[in-house]
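Chemist: compute the structure for the input listed below.
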Amino acid sequence: MPNSIAENDMLNQVEAIFQYATEAILITDNNGKIIKVNPSTEVMFGYESSEFINQTIEMLIPKRLVERHEKHRANFNRNPHARSMGANFDLFAKRKDETEFPVEVSLSPYTNSQGSFVIAFIIDISIRKKAENQLIAYKSELEKEVEERTMILKEAIQKLEQTKDELDNSLKREREVNSMKSRFISIASHEFRTPLATVLSSLSLVDKYSSLQDEEKRVKHIGRIKSSVRNLTEILNDFLSLNKLEEGKVFLNIEKFSPYELIESLIQDLQGITKVGQKITTSSKKEKNSLANLDKTLVRNILINLISNAIKFSPENTIINVEAILNDNELLLSVQDHGIGIPEGDQKHLFERFFRSSNAGEIQGTGLGLSIVAHYVNLLKGSIKYISKENEGTTFFINLPRNY
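Modeler: Predicted coordinates:
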C-alpha cells in the first residue's frame, strides 16, 4: 500500500508539471500523431485540446517546411535520443490562424507497454528573436556609423596629407626660387661681366680710332660691341622667358602659318650671327596649302633657341641643317649640328634648368635654353627627342600636332 501511495504521488507530481508548465508540452506516437497536449500548448497554438488529438505534428509546421520536417522525423525515429532541434537552422511553428513564430524544440523519446513515444518541449522565442534582430540591426547601424566616421577620418587624413603635400611643394618651390635666385646672381655676375667689360674696352678703343686709316679697327670693335650686347640680350631673354613660364603668363595665340616660310625667314635672320664659315641650310620646300595651326611665336622661339645653340656649340666652317615636314596630323621639326655634342653622362640632365654640359667650357650661356624649349613644346602638346655623340654633333627632333 505505501508503495502504491508513493507512486500515485509521483504520478500526480508529473501530471502537475505537465498541466502547469509554462512551456508547451505535447506527446506524439512513433507515427508523429499527437496523443496529448498541455494547456500551454493550447494557448501557444490557439487550438482546443481536442483539435490536436490524432493529428500529425505537421499541423503545427508551416507548409513550406512540412516536407523537410517529415524527413527529420523519419531520421529521428531511426535513432531516437534526447536532443534539441534546429542545431544548424532556425525553427518556425504555425498557429491556428496561420501566423508563424520562431520556436525552440527539445525532444525526449520514451517507451512503455503501449509503445514508443516522444515528448516535445516547445518554447516561443519571439521576444528573444526580436531582441536578437534589434541587436543585429543596432550592430549593423553601429558598423555603418563606424564606417561613416572612418570615411570622415580618412577624408580628414587625406586632406591633411594633401595640405602637407601642398606645404611640401610650396617649401620645395620656395627652395627652388631661392636656388634660382642664387644661380641667377652667380650666372649674371659671370655672364654679364665679360660682355660688359668687352663693351667698355671696345668703346674706349673706338673713341681712340678716329682717323680714316683706323676704320678697320673701329669696325672690328663695333662688331665686338654688337656681339656682346647680343649675348646680354640672349641672357635677359632666357630669364624673362623662364619667369613667364614659371608664373603661367605664357598664353597661346593659335594661328595658321607656313613652317617652311618661317624657317626661311629664320635662316636669313640668324645667318648674321654665325661663326666664320658656318652655314644654316634647309632642304624643306614650301608646298601648296602647307599650313600649320599653332602658336607661331612659340614655334619660332623653339627654333631660334635650338639654332642659336647649334651655332654656339659648333666650330667654324660647319653646317647647321633645319628641316620641317608636315603630314596629316603632325609638324615634324629637326635641327642638326656637327658641334661638340653632349657627353653621355650629361644627357639625362639636358632639360634641367641651369644645366650646362661638362664640355661647354667657356662657351657663354645660362643653361636655361633647353629647359625653356621643353616648356614650350609641352605647352604645344608636343614632344622633344634628340640624338647626340660627343665631338660629332647633336640633332633635336620636335613633334607637334599640326592643328592644336
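
Chemist: and residue 250, which of the three is it?
Modeler: Following DSSP: H, G, I helix; E, B strand; the rest coil, we place residue 250 in the coil state.

Chemist: that one touches residue 379, doesn't it?
Modeler: Yes - using C-beta atoms under 8 Å, residue 250 is in contact with residue 379, at 6.5 Å. Yep, even glycine has a C-beta here, placed from its N, CA and C like the rest.

Chemist: give me the common contacts of those two.
Modeler: residue 298 (C-beta atoms under 8 Å, 6 or more residues apart in numbering).

Chemist: how about the closest residue to residue 106 other than its chain neighbours, what does it touch?
Modeler: Once flanking residues are discounted, residue 106 sits nearest to residue 121: 4.4 Å by C-beta to C-beta, 6 or more residues apart in numbering. Residue 121 makes contact with 23, 24, 25, 105, 106, 107, 108, according to C-beta under 8 Å, 6+ apart.

Chemist: ok, of those residues, which come out buried?
Modeler: 24, 25, 107 (16 or more other C-beta atoms under 10 Å).

Chemist: phi, psi of the first one?
Modeler: This means residue 24. phi -80, psi 130 (degrees, to the nearest 10).

Chemist: residues touching it, list them.
Modeler: With contact set as C-beta under 8 Å, 6+ apart, residue 24 has these partners: 37, 38, 40, 41, 43, 44, 45, 121, 122, 123, 124.

Chemist: please apply the same query to the last one.
Modeler: By C-beta under 8 Å, 6+ apart, the residues touching residue 107 are 76, 82, 83, 84, 85, 118, 119, 120, 121.

Chemist: show me the helices in the protein, by range?
Modeler: 2-20, 39-45, 49-52, 66-78, 126-208, 215-246, 259-270, 296-312, 369-379 (DSSP state H).

Chemist: list the beta-bridge partners for the residue nearest to residue 385 when sequence neighbours are not counted.
Modeler: Leaving aside its chain neighbours, residue 385 sits nearest to residue 397 (4.7 Å; criterion: C-beta to C-beta, 6+ apart). Assessed by DSSP bridges, residue 397 has beta-bridge partners residue 334, residue 385.

Chemist: ok, residue 397 to residue 91 distance?
Modeler: 80 Å (C-beta to C-beta, to the nearest Å).

Chemist: by mean pLDDT, which helix or strand of this protein comes out lowest?
Modeler: Lowest mean confidence among the helices and strands of the chain (mean pLDDT, DSSP states H and E): helix 215-246, at a mean of 66.

Chemist: pLDDT and distance to residue 71 added to the contacts of residue 24, as a markdown table?
Modeler: Below are the contacts of residue 24 laid out as a markdown table (pLDDT from 0 to 100; distance: C-beta to C-beta, whole Å):
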| residue | pLDDT | distance to residue 71 |
| --- | --- | --- |
| 37 | 94 | 24 |
| 38 | 93 | 27 |
| 40 | 94 | 28 |
| 41 | 94 | 24 |
| 43 | 94 | 29 |
| 44 | 94 | 24 |
| 45 | 95 | 23 |
| 121 | 93 | 21 |
| 122 | 93 | 20 |
| 123 | 93 | 23 |
| 124 | 93 | 24 |
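
Chemist: any quick ChimeraX command for the buried ones out of these?
Modeler: To isolate the buried ones among the contacts of residue 24 in ChimeraX, judged by 16+ other C-beta under 10 Å, type:
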select :37,38,40,41,44,45,122,123,124
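
Chemist: what's the closest of the contacts of residue 24 to residue 18?
Modeler: Nearest to residue 18 out of the contacts of residue 24 is residue 38 (C-beta to C-beta; 5.1 Å).

Chemist: coming back round to it: just confirm the residue nearest to residue 385 contacts residue 334, I think it does.
Modeler: Yes - contact criterion C-beta under 8 Å: residue 397 and residue 334 qualify, at 5.2 Å.

Chemist: look at these two and report which has more neighbours.
Modeler: Neighbour count, other C-beta atoms under 10 Å: between residue 397 and residue 334, residue 334 has more, with 19 against 15.

Chemist: before we move on, the earlier item: in strands, which of the contacts of residue 121 appear?
Modeler: Among the contacts of residue 121, DSSP state E puts 24, 25, 105, 106, 107, 108 in strands.

Chemist: for residue 350, state which of those residues is nearest.
Modeler: residue 105 (84.5 Å).

Chemist: out of the ones in strands among the contacts of residue 121, the closest to residue 255 would be?
Modeler: Nearest to residue 255 among the ones in strands among the contacts of residue 121, with distances taken as C-beta to C-beta, is residue 105, at 89.7 Å.

Chemist: ok, residue 390 to residue 345 distance?
Modeler: Computed as C-beta to C-beta, the residue 390 to residue 345 distance reads 10 Å.

Chemist: neighbour count for those two, which is higher?
Modeler: More crowded of residue 390 and residue 345, by other C-beta under 10 Å: residue 390, with 17 against 10.

Chemist: contacting residues around the nearest residue to residue 283 once chain neighbours are set aside?
Modeler: Spatially, and ignoring its direct neighbours in sequence, residue 283 is nearest to residue 323 (6.6 Å; C-beta to C-beta, 6+ apart). By C-beta under 8 Å, 6+ apart, the contact list for residue 323 reads 282, 283, 284, 332, 333, 334, 336.

Chemist: which one of those residues is nearest residue 295?
Modeler: Ranked by distance to residue 295 (C-beta to C-beta), those are led by residue 333 at 13.7 Å.

Chemist: residues contacting that closest one?
Modeler: Contacts of residue 333 by C-beta under 8 Å, 6+ apart are 259, 299, 302, 303, 322, 323, 324, 397, 398, 400.

Chemist: ok, residue 123 next?
Modeler: So residue 123 contacts 23, 24, 103, 104, 105 (C-beta under 8 Å, 6+ apart).

Chemist: switch to 6 Å and redo it
Modeler: Residue 123 is in contact with 23, 104, counting by C-beta atoms under 6 Å, 6 or more residues apart in numbering.

Chemist: how much space between it and residue 140?
Modeler: 27 Å.

Chemist: got a pLDDT number for residue 404?
Modeler: Residue 404 carries a pLDDT value of 86.

Chemist: now the nearest residue to residue 264 once chain neighbours are set aside: how far from residue 335?
Modeler: In space, and not counting its chain neighbours, residue 264 is closest to residue 282: 7.3 Å by C-beta to C-beta, 6+ apart. Separation of residue 282 from residue 335 (C-beta to C-beta) stands at 10 Å.
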